[in-house]
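Q: Okay, predicted coordinates and the sequence, questions at the end:
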Number of protein chains: 2
Amino acid sequence: MRITVLAGGIGGARFLRGLSALLDREYPGSEITVIGNTGDDIWVHGLRVCPDLDTVMYTLGSGISEERGWGREGETFTVKDELASYGVEPSWFGLGDKDIATHLVRTQSLASGYTLTQVTGALCEHWQPGVRLLPMSDDRAETHVIVDDPSGATAPDGTPLRTAIHFQEWWIRYRASLPAHGFALVGIDTAKPGPDVIDAIMSADLVLFPPSNPVVSIGTILQVPGIADAVRTTPAPVVGVSPIVGGAPVRGMADACLTAIGIQTSAAAVAAHYGARASGGLIDAWLVDSTDAAEVPAIEALGIRCLAVPAMMTDIAATADIAAACLAIAGPVPASQ
Amino acid sequence: MRITVLAGGIGGARFLRGLSALLDREYPGSEITVIGNTGDDIWVHGLRVCPDLDTVMYTLGSGISEERGWGREGETFTVKDELASYGVEPSWFGLGDKDIATHLVRTQSLASGYTLTQVTGALCEHWQPGVRLLPMSDDRAETHVIVDDPSGATAPDGTPLRTAIHFQEWWIRYRASLPAHGFALVGIDTAKPGPDVIDAIMSADLVLFPPSNPVVSIGTILQVPGIADAVRTTPAPVVGVSPIVGGAPVRGMADACLTAIGIQTSAAAVAAHYGARASGGLIDAWLVDSTDAAEVPAIEALGIRCLAVPAMMTDIAATADIAAACLAIAGPVPASQ
């Protein structure tokens, strides 16, 4: 069975770990391809950092800090502290020492002319995540957030001036507390999907949206020209897991992102945002947490099959059960081989 | 009093610490300008590393590892170990975590268009070494070492093939154990002295050669077009301290370098190599260690004033005494202000 997953950072990585455990047990020989979000990539101190790709790679490669959910286990921050002593910015980005080795290898490989897809493949030879990890694009397409200028600057008439800051600055430095007026994906218009991305969607037996951020993770991947069309038209069923449980994000600050684009923070609203494939949308089926069982009828009314299951990824076994529910609701999936 | 010092790494830095202590005590308000060797600079994992500039900066800025003589006190090597786990080379270069912050700031500043002189000035604002530290050149001029190919490759007639390796590879990886057939300063022909370098020599009250490596440190600086001429013609006296004591280098592997260019490892041979300014050479006076008192007459016969003094830099006080002997043998130095 060939499964293609569109994934952001922590939520996507944890889901993948459960999916991987399930397939190893029940469907040996299956292949997982991950299309990773690179919209929150950032250049920090001259290093190219790919937070979501690395979170997937470290999580599946057993190198992740379980406590933080991002970065390396047993990480130290000597370089970061030294950079701060030089007074150089950004000082708010959590650049760990072990992590820096990854960024150095990536940055130098990119400078040597390799594509991000090639570099990610090379890094994964070391990490052996057990999945094929493909950046959504080899082109730079960075999420920026439109906010009122943090300095409080106003126009002569008193209207707050708006500015765009990098997604990471909004997310980490301001903890998504500055109200977002919207998102600007700088470079997205001319970005091309990575070389195998479209094929991975079109030739999959099943496409999954894990409980990643529907706006700045999966939403970003879907804005790369060609990817949403592939999801709409692939012969494979497309199944998603709600990142919203009981009206709040399971983790992270997806509510701030949803609010910014005018969507309610509810499992049903996110399902409606993706839309039913039968009506030109993106998903065939949607899993919500048992807490949100009352939302099932409304979601089904959209033409999206829906099931309420325990959908909290409390550990790998619980997550494997969620993945199993994805396979079940997808219906009979014809094995490609 | 304005003193200009041509300096390599550890030996130069330790001499400067003693000189600085002497001037603070005896000649307050004096200024030291250091012309630093950048011939052993290297790009490692995409980072621009300036070993000699950093050794001077850290030593005078109280950040040096006293035990090693290079790199930072309390240093860790997490990034280096992680890079090794990725299998990327070079794995033999001692890249410390704290040190990496310096290299990141430098590399990014250079990429932004600042010159090495400007970047070094900015780093020194943090370190406050108490001297003006000038790279010998803003241009890339790297010392390579001509050796028999380390792989043992030979020509059809059995002659060993020769190859050029970076100075750091020879020095650190091979501990200067591969016999050197010579040195090639790649880029030196078109390198220009740093903006204030010639003026620092021409307008000094005294020019000093500390006990740095006469071949790959001071010798390299002197090969930047214009620098040797400035040393020959400056109105200031030029005084050197022998890096050779009792027929062996005080520290490091200067003997391997001297042998490569056909010079004996002795205090007198190095003095003769520099030559008397009165005869178109580079130095007016030369300090040797008491151990080498027997060499004094031969050196004086070259037209170089010479004195045997305790010349081991065992601590800052002993080094200040060596610096004081430099001032004494220089003769009455007219204070510039």
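A: It's in. Numbering: from 1, shown residues only, chains lettered A, B, ... in the order given.
Q: Please, where are all the strands along chain A?
A: Assigned by DSSP state E, the strands in chain A fall at A:2-7, A:31-36, A:42-44, A:47-49, A:132-135, A:142-148, A:162-166, A:180-186, A:206-209, A:238-241, A:244-245, A:248-249, A:285-289, A:305-309.
Q: Let me know which of these is the nearest to B:Gly226.
A: Nearest to B:Gly226, of all the strands of chain A, is strand A:47-49, at 36.9 Å by CB to CB. For glycine as for every other residue, the C-beta is placed from the backbone atoms N, C-alpha and C.
Q: Helices of the stretch 101-250 of chain A, start to end?
A: For the stretch 101-250 of chain A, the helices defined by DSSP state H, counting those that start in this stretch occupy A:116-127, A:167-168, A:197-202, A:218-223, A:227-233.
Q: Not counting the fourth one itself, show me its contacts.
A: What it means is helix A:218-223. A:6-8, A:35-37, A:39-40, A:136, A:141, A:143, A:185, A:188, A:209, A:212-213, A:227-228, A:231, A:257, A:282 (CB atoms under 8 Å, 6 or more residues apart in numbering or on different chains).
Q: let's go with 6 Å and repeat that
A: Outside helix A:218-223, the residues that touch it by CB atoms under 6 Å, 6 or more residues apart in numbering or on different chains are A:6, A:35, A:37, A:39, A:136, A:143, A:185, A:188, A:209, A:212, A:227-228.
Q: what do you get for stretch A:265-278?
A: Contact partners of stretch A:265-278, identified using CB under 6 Å, 6+ apart, comprise A:214, A:242, A:244, A:247, A:255, A:258, A:263, A:281-284, A:286, A:288, A:292, A:295, A:298-299, A:302-304.
Q: From the residues you listed, list the ones also adjacent to chain B.
A: Filtering these for neighbours of chain B using CB under 6 Å from any CB of the partner chain leaves an empty set.
Q: Just the ones of those in helices?
A: Counted as lying in helices by DSSP state H, out of the contacts of stretch A:265-278, are A:255, A:258, A:298-299.
Q: Compare the residues you listed and tell me which is most surrounded.
A: Neighbour counts for those (other CB atoms under 10 Å in any protein chain shown) peak at A:Ile299, which has 27 neighbours.
Q: follow-up on the earlier one: switch the ones in helices among the contacts of stretch A:265-278 over to JSON lines; also include distance to A:Trp170 and pLDDT.
A: Shown next, in JSON lines, are the ones in helices among the contacts of stretch A:265-278 (distance: CB to CB, whole Å; pLDDT from 0 to 100):
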{"residue": "A:Asp255", "distance to A:Trp170": "14", "pLDDT": "92"}
{"residue": "A:Leu258", "distance to A:Trp170": "15", "pLDDT": "94"}
{"residue": "A:Ala298", "distance to A:Trp170": "31", "pLDDT": "97"}
{"residue": "A:Ile299", "distance to A:Trp170": "30", "pLDDT": "97"}
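Q: Which positions in the stretch 101-250 of chain A make contact with chain B?
A: Residues of the stretch 101-250 of chain A lying close to chain B (CB under 6 Å from any CB) are A:101, A:104-105, A:107-108, A:126.
Q: one more time with 10 Å, if that's ok
A: The stretch 101-250 of chain A comes close to chain B at residues A:101-112, A:122-123, A:125-127, as judged by CB under 10 Å from any CB of the partner chain.
Q: Redo the helices of the stretch 101-250 of chain A as TSV? Include mean neighbour count and mean pLDDT.
A: Shown next, in TSV, are these (neighbours: other CB atoms under 10 Å in any protein chain shown; pLDDT from 0 to 100):
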stretch	mean neighbour count	mean pLDDT
helix A:116-127	19	98
helix A:167-168	24	94
helix A:197-202	21	98
helix A:218-223	25	98
helix A:227-233	18	98
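Q: Where does the prediction get shaky in the stretch 201-337 of chain A?
A: Where the stretch 201-337 of chain A drops to pLDDT under 70, the residues are A:332-337.
Q: Am I right that A:Thr78 is in contact with B:Lys80?
A: No - the pair A:Thr78 / B:Lys80 is not scored as a contact, 11.7 Å apart, by CB atoms under 10 Å.
Q: Tell me the residues that contact both of those two, please.
A: Both A:Thr78 and B:Lys80 are in contact with A:97, B:96-97, B:99-100, where contact means CB atoms under 10 Å, 6 or more residues apart in numbering or on different chains.
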